[in-house]
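Chemist: With the input below, show me the fold.
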Amino acid sequence: MFNFILKHSSIFLLNCIVALQVILDAIEQVGGIYVVTADHGNAEDMVKRNKSGEPLYDENGELQILTSHTCQPVPIAIGGPGLAPGVRFRNDVPDGGLANVAATVMNLHGFVAPEDYEPTLIEVVDN
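Modeler: Numbering: from 1, shown residues only. The predicted structure is shown next:
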């Protein structure tokens, strides 16, 4: 079962990479900006584990699959030819999360986020 999971995950990951490259190529052609992130971690461990870190098995001897979200940090990538010079990640939002992405995307589009939004993850500095 675990080999099936690894093979399935590897094929899925490869397809994601190919699809992401198609998107990035299109953004490059139109001079756009990309924001790539996710809403949770999970890929770092695909099976349930006990407190010692050993994989858990069900009554049939099969690995128990981990389907829940984890607390691992999720990266965010921002770039593209349309990104204004001097845009960088802010240092004063060390625990930024998914709630900060909305204001960040609004700022990238040239809008000011409403005051009740969580702060943006980016700032523009003079080079």
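
Chemist: Check which element follows the helix or strand bottoming out on mean pLDDT in the chain along the chain.
Modeler: Least confident helix or strand, the chain: helix 2-30 with a mean of 83, by mean pLDDT, DSSP states H and E. Next along the chain after helix 2-30, taking DSSP states H and E as the criterion, comes strand 34-36.

Chemist: partners of that following strand in the sheet?
Modeler: strand 77-79 (antiparallel) (DSSP bridges).

Chemist: Now E123: phi and psi?
Modeler: phi -150, psi 160 (degrees, to the nearest 10).

Chemist: Would you list the phi and psi of the nearest residue to it once chain neighbours are set aside?
Modeler: Once flanking residues are discounted, E123 sits nearest to R90: 4.9 Å by C-beta to C-beta, 6 or more residues apart in numbering. Any C-beta I mention is one placed from the backbone N, CA and C, and that applies to glycine too. Dihedral pair for R90: phi -70, psi 150, per degrees, to the nearest 10.
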